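Asker: 3D model of this:
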Amino acid sequence: MPEGNSSYDINAAERPQGKYEDYIVNDLITAAESRFPIAAGRNHRAVIGVSMGGFGAINLSLRHPDLFVFAGALSPAIDVPSRPFSIKRIGQWREHSSIFGPWGSETRRANDPYLLIRTADPVRTPYLYLSCGEQEGLLPANRKFARFLTEHHFRFEFHAGRGAHDWNQ
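Answerer: Numbers count the residues shown, from 1 in each chain. All right, here's what the predicted structure looks like:
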């Protein structure tokens, strides 16, 4: 997967150069399949990521179910578009606003996995694999997302295991 440059793999609201979703779905897949000896087509394609990339994998699979057969997300920052303002994390909040737009914006709603699963077709959506460490702050958000997936009858698995949001385990 390409370097996402803190993009969450979306087309950023306030960064004209930040069209990462377009790059992945319109350019990267075509370039890889035309340059390398790999099988083409949805049934041979997966998207996987860690943390911010995990968010991207889930978001891309929900927004473009015709492109991937599988999406894997390891410790995905699944709740970023719905995180409220926090004075303790004002720098992060500003960065997220430049990517997702202001609170309540169309870009923020269009890239919120919690909202996307309400209208996504569970039959067409790729199989989802999620995992998250039991000692990390993203666990409640991931459990909430897994509950929503269950309620909407998506094909997925979720695993919580030992560890935090690091590579020390």
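
Asker: I'd say residue 161 and residue 136 touch.
Answerer: No: when contacts are counted by C-beta atoms under 8 Å, residue 161 is not listed as touching residue 136 (10.6 Å). Where you see a C-beta, it was placed from the backbone N, CA and C, and this is true even at glycine.

Asker: more neighbours: which of the two?
Answerer: Neighbour totals were compared for residue 161 and residue 136, and residue 136 leads with 17 against 10 (other C-beta atoms under 10 Å).

Asker: surely the more buried one touches residue 164?
Answerer: Yes: with contact defined as C-beta under 8 Å, residue 136 counts as touching residue 164 (4.7 Å).

Asker: residue 81: neighbour count?
Answerer: 26.

Asker: keeping just the C-alphas, turn whichever strand or helix holds residue 107 into PDB.
Answerer: According to DSSP states H and E, residue 107 maps onto helix 106-110. Output of helix 106-110 as PDB, limited to C-alpha atoms (Å, rounded to 0.1, in the frame of the first residue of the first chain):
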ATOM      1  CA  GLU A 106     -20.600  16.500   3.800                       C
ATOM      2  CA  THR A 107     -17.000  15.200   3.600                       C
ATOM      3  CA  ARG A 108     -17.100  14.200   7.200                       C
ATOM      4  CA  ARG A 109     -20.500  12.400   6.800                       C
ATOM      5  CA  ALA A 110     -19.500  10.700   3.500                       C
END
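
Asker: pLDDT on that helix, on average?
Answerer: Per-residue pLDDT over helix 106-110 has a mean of 94.

Asker: now do the buried residues in that helix.
Answerer: Buried residues in helix 106-110, counted by 16 or more other C-beta atoms under 10 Å: 107, 108, 110.

Asker: now swap in stretch 16-28 and tell me
Answerer: For stretch 16-28, a neighbour-count test (16+ other C-beta under 10 Å) marks 18, 20, 21, 23, 24, 25 as buried.

Asker: surely the last one is within a strand?
Answerer: No: going by DSSP: H, G, I helix; E, B strand; the rest coil, the assignment for residue 25 is helix, not a strand.

Asker: tell me the contacts of it?
Answerer: Residue 25 makes contacts with 60, 64, 67, as judged by C-beta atoms under 8 Å, 6 or more residues apart in numbering.

Asker: secondary structure added to these, as TSV?
Answerer: Formatted as TSV, the contacts of residue 25 follow (three-state DSSP):
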residue	secondary structure
60	helix
64	coil
67	coil
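
Asker: want to throw those residues into TSV with pLDDT?
Answerer: Shown next, in TSV, are the contacts of residue 25 (pLDDT from 0 to 100):
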residue	pLDDT
60	97
64	97
67	97
